[in-house]
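In: only the shape, not the letters, is given here:
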């Protein structure tokens, strides 16, 4: 498989405080990578920095995406290259319908203005693929939506924008078990229809990985990856907790 993302010796800070320290990571096309870690370990900083949030400053290292150095690119420029970020807490936008939002996002990203009829047809096809009721197309973005509905709207947006790498920041956050299953099913259905897309799934808990099987699992501790492995690593974390790795790193030091 072709290399899609290569991160080398990446250090990131915000407000003068370094959060990530010399991070290294490689993701190939079609792979699913899970990033796990406690609150404050640097996971969300990592996702925001990948997408180009201006508050997060790179002090050292490189982010190469699909053969392009993207350190200094703006978020919209990264999106046009094929990066997508699904937010941990999607915002509500009263007055803007799901259909209008997605049409404008699609136009901004791809530059080709399709007719309203053709766009609506495409939107309904994607909604059917993800088993999302068409009524959501006319509702305002996330306005009055449940936690699970908000996360599924993020997956619908991903399906419409067709990224090469989808960064999903804690899609299980705040969901009950039934909603978690529905969100995971939406991600799996999209991945089945788009096998070349890569997914970087950020999560606290192994439970999400009961439904979405990663190729690799990486564990963050204090702003760096301290352990990488297969799906069995998540199961080991479930049994031993994060203290196991924190103590392991202390012994190394």
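Out: It's in. Given the structure is predicted, the values throughout are model-derived calculations rather than measurements. Residues are numbered from 1 along each chain as shown.

In: now do the helices in this protein.
Out: For the chain, the helices defined by DSSP state H cover 43-51, 75-81, 98-110, 116-129, 147-161, 177-193, 231-240, 243-252.

In: distance check, residue 160 against residue 225.
Out: Remark: distance between residue 160 and residue 225 (C-beta to C-beta, to the nearest Å) = 31 Å. All C-beta spots, glycine's among them, are computed from the backbone N, C-alpha and C.

In: lowest-confidence helix or strand of the chain?
Out: helix 243-252 (a mean of 66; mean pLDDT, DSSP states H and E).

In: for residue 205, find the nearest of the helices of the chain.
Out: helix 231-240 (7.9 Å; C-beta to C-beta).

In: what about the nearest residue to residue 19 once chain neighbours are set aside, how many neighbours?
Out: Nearest residue to residue 19 in three dimensions, chain neighbours excluded: residue 45, at 4.4 Å (C-beta to C-beta, 6 or more residues apart in numbering). If you count neighbours by other C-beta atoms under 10 Å, residue 45 ends up with 21.

In: make sure residue 169 is actually in contact with residue 84.
Out: No - Residue 169 sits out of contact with residue 84 when judged by C-beta atoms under 8 Å, with a separation of 11.0 Å.

In: thinking again about what came up before, pull the contacting residues for the residue nearest to residue 19.
Out: Going by C-beta atoms under 8 Å, 6 or more residues apart in numbering, residue 45 touches 12, 14, 19-20, 56, 223.

In: isn't residue 190 up against residue 155?
Out: Yes - with contacts counted by C-beta under 8 Å, residue 190 reaches residue 155, the gap being 6.1 Å.

In: give me the more crowded residue out of those two.
Out: With neighbours defined as other C-beta under 10 Å, residue 190 and residue 155 compare such that residue 155 has more, 25 against 20.

In: which residues touch that one?
Out: Counting by C-beta under 8 Å, 6+ apart, residue 155 has contacts 86, 130, 171, 183, 186-187, 190.

In: who's in contact with residue 235?
Out: Residue 235 sits in contact with residue 206, where contact means C-beta under 8 Å, 6+ apart.

In: ChimeraX command to pick out the buried ones of the contacts of residue 45?
Out: In ChimeraX, this line selects whichever of the contacts of residue 45 come out buried by 16 or more other C-beta atoms under 10 Å:
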select :12,19,20,56,223
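
In: out of the contacts of residue 45, which are inside strands?
Out: 12, 14, 19-20 (DSSP state E).

In: farthest-apart pair in those residues, please.
Out: 14 and 20 (9.9 Å).

In: from memory residue 10 sits against residue 58, does it?
Out: Yes - when contacts are counted by C-beta under 8 Å, residue 10 is listed as touching residue 58 (6.9 Å).

In: quickly list what's touching both of these two.
Out: residue 49.

In: can you pick out the residue with more neighbours from these two?
Out: Using other C-beta under 10 Å, the more surrounded residue of residue 10 and residue 58 is residue 10, with 22 against 15.

In: for the more buried one, which residues are in contact?
Out: Taking C-beta under 8 Å, 6+ apart as the definition, contacts of residue 10 comprise 20, 22-24, 49, 58, 60-63.
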